[in-house]
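1. okay, predicted coordinates and the sequence, questions at the end:
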Amino acid sequence: MKETATITVNGKTFELPIITGSEGERAIDISGLRQKSGLITFDPGFANTANCQSDITFVDGERGILRYRGIPVEQLAEHSTFVETAYLLINGELPTKEQLNGFSVLLNDHSLVHEDMRAFFENFPRSAHPMGILSSMVNALRAFYPEIPERTEEEEINITVTRLLSKVRTMAAMSYKIFRGHKVVYPRHDLTYPANFLNMMFDSPVRPYHIDEDLVKALNIFWIVHADHEQNCSTAAVRLVGSARVNLYAAISAGICALWGPLHGGANQAVVEMLESIQKNGGDVAPFIARARDKNDPFRLMGFGHRVYRTYDPRARIMKKACDRVLNKMTQRDPLLDIARRLEEVALSESYFIERHLYPNVDFYSGILLRALGIPLNMFTVMFAIGRLPGWISQWKESIDDPMWKMCRPRQIYIGPNEREYVPIGERG
Ligand code: CMC
């Protein structure tokens, strides 16, 4: 027998179906509630609401589990590459050797950015944040690469997906070079996706960049752990904007804007700023912990806490290990890593954090890894955006193919004034 839930309001009972996911998660299907009862549900921040059924990513916040298409993120971080993981997310299965080669060739083929787009980059003010630039440029891609009527919808989507994955990486590196006033470095077909990115960022006519395979591995790991995280704020934005059937570039541009926020992807930059400020204040973490605990202080410990994880974020564990590996190789220590470790140790022993299940999240150690790779602070969230692209794309693709697709349009509980008369300006008191 199918499981149901009943709601009783003023003596009237309404029966609602219960749906169960493949990992046993259960949800009350309220899609017919308003029609049956005239009632809607109230759920600020959608903390208790599933907006879709999805077979892409599984997160168990209580047990600290993250899997892409069923495969644990730890295994992907250990054995896969970012390009292979992107293929898995977008297509549902790990690629064969031929499929992976074909995908890599396509990424190379689409890696150049239209030369006319350089004028855009060059005219942004120097103070512009790279996330603002990236979201504008991704939106502008549609103008430079319009739909071609001769292509089928599937061909159009496939080419847009590869363009985005490849060009966003090129545009990110290009914006950094232009921002610094340096010569733009073009992508090279002989380099892998992450090696190409590092080379475009750091190669220069006066100092050729040496590609270090350990750093390439670390960047692969960084992007793999960021590749998807089911219905997070930016992915929800991509799905919501995409639900109006806009083109993929516009939907991704909306995702980039959402990711920019310091409570979301912007946290990786905010963590390093916080660690730097602890360092400037002598390195004592106690006053910062005290501020985080103080209800009258809006300060939060950046890189701590998560809407879904009630335990250690599995991505943070992977990032911490990757950080250790890269920093052990370097001759110079990063003092911020010691501060981060101390901060974690003290916070995890404090009742405030224990009671609220606040643990390090993915952003806590990722900034330190990015610093070790030489990535400048204001590019941190751009690095997250490149990593999250496969997730946004696969979620968007799933949403447009969903037989239960509906344009996202939440309701509200209106609490404003009741009907009143318009008062002409001369009669207002
Ligand atoms: N420092 C201090 N207190 C915190 C923190 C923190 N980082 N995070 C949550 N709390 C407290 C919060 O004040 C509240 O306390 P009380 O119950 O006494 O009012 C309680 O914990 C629950 O917080 P919440 O804001 O209701 O929880 P949420 O699920 O809405 O917040 C969060 C999730 C990620 C927005 C929040 O933990 C936060 O602001 N963390 C810092 C920013 C951050 O690191 N963001 C990156 C998230 S992971 C990557 C990503 O998604 O992009």
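-> Structure's in. What do you need? Numbering: from 1, shown residues only.

2. give me phi/psi at the closest residue to the ligand within the stretch 301-429 of the chain?
-> Scanning the stretch 301-429 of the chain for the residue nearest the ligand gives residue 305, at 2.3 Å (criterion: C-beta to the nearest ligand atom). No exception for glycine: its C-beta is placed from N, CA and C like everyone else's. Taking degrees, to the nearest 10, you get phi 90, psi 150 for the backbone angles of residue 305.

3. quick check, it in contact with residue 361.
-> Yes. Assessed by C-beta atoms under 8 Å, residue 305 is found in contact with residue 361 at 6.7 Å.

4. can you give me the neighbour number for the closest residue to residue 238 other than its chain neighbours?
-> Spatial nearest neighbour of residue 238, chain neighbours left out: residue 255 (4.0 Å); criterion: C-beta to C-beta, 6 or more residues apart in numbering. When neighbours are counted by other C-beta atoms under 10 Å, residue 255 registers 31.

5. with adjacent residues omitted, what lies nearest to residue 411?
-> Nearest non-adjacent residue to residue 411 (C-beta to C-beta, 6+ apart): residue 40, at 4.9 Å.

6. doesn't the one you found belong to a strand?
-> No. Counting by DSSP: H, G, I helix; E, B strand; the rest coil, residue 40 is not part of a strand but coil.

7. pretty sure it is touching residue 49, no?
-> No. Residue 40 lies out of contact with residue 49 (C-beta under 8 Å); the separation is 11.4 Å.

8. and the stretch 301-429 of the chain, which of its residues are near the ligand?
-> On the criterion C-beta under 6 Å from any ligand atom, the ligand has as its neighbours in the stretch 301-429 of the chain the residues 301, 302, 303, 304, 305, 306, 307, 356, 358, 361, 362, 363.

9. any of these buried? List them.
-> 301, 302, 303, 304, 305, 306, 358, 361, 362, 363 (16 or more other C-beta atoms under 10 Å).

10. pretty sure the fourth one contacts residue 361?
-> Yes. Under the criterion of C-beta under 8 Å, residue 304 is in contact with residue 361, at a separation of 6.7 Å.

11. in this protein, which helix is the longest?
-> Longest helix in the chain by number of residues, with DSSP state H as the criterion: helix 153-180.

12. for that helix, packing partners?
-> When contacts are defined as 3 or more C-beta pairs under 8 Å, 6 or more residues apart in numbering; DSSP states H and E, helix 153-180 packs onto helix 97-109, helix 117-123, helix 130-144, helix 193-202, helix 248-260, helix 380-401.

13. quick one: which of these is nearest residue 12?
-> Closest of those to residue 12 is helix 380-401, at 34.5 Å (criterion: C-beta to C-beta).

14. put the alpha carbons of stretch 261-268 into PDB.
-> C-alpha atoms of stretch 261-268 as PDB (Å, rounded to 0.1, in the frame of the first residue of the first chain):
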ATOM      1  CA  GLY A 261      27.500  36.000  -1.900                       C
ATOM      2  CA  PRO A 262      29.700  35.600   1.200                       C
ATOM      3  CA  LEU A 263      27.300  33.100   2.700                       C
ATOM      4  CA  HIS A 264      27.800  30.900  -0.300                       C
ATOM      5  CA  GLY A 265      30.800  30.700  -2.700                       C
ATOM      6  CA  GLY A 266      32.200  34.000  -1.500                       C
ATOM      7  CA  ALA A 267      33.000  32.400   1.800                       C
ATOM      8  CA  ASN A 268      36.300  31.000   0.500                       C
END
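
15. what's the mean pLDDT across that stretch?
-> Mean pLDDT, stretch 261-268: 90.

16. check stretch 153-172 too.
-> For stretch 153-172, mean pLDDT rounds to 93.

17. quick one: contacts of that stretch?
-> Stretch 153-172 has contacts (C-beta atoms under 8 Å, 6 or more residues apart in numbering) with 86, 90, 103, 106-113, 117, 121, 130, 134, 137-138, 141, 145, 147-148, 151, 187, 193, 196-197, 200, 247-249, 252, 379, 382-383, 385-386, 389-390, 393, 397.

18. report the separation between residue 293 and residue 273.
-> Using C-beta to C-beta, to the nearest Å, residue 293 is found at 20 Å from residue 273.

19. next: residue 33.
-> 44 Å.

20. need the residues of the stretch 301-429 of the chain next to the ligand in a markdown table with secondary structure, pLDDT and distance to residue 75, can you?
-> Shown next, in a markdown table, are those (DSSP: H, G, I helix; E, B strand; the rest coil; pLDDT from 0 to 100; distance: C-beta to C-beta, whole Å):
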| residue | secondary structure | pLDDT | distance to residue 75 |
| --- | --- | --- | --- |
| 301 | coil | 95 | 30 |
| 302 | coil | 94 | 29 |
| 303 | coil | 93 | 24 |
| 304 | strand | 94 | 26 |
| 305 | coil | 94 | 26 |
| 306 | coil | 93 | 22 |
| 307 | coil | 89 | 25 |
| 356 | coil | 95 | 30 |
| 358 | coil | 95 | 27 |
| 361 | coil | 93 | 21 |
| 362 | helix | 92 | 17 |
| 363 | helix | 91 | 22 |
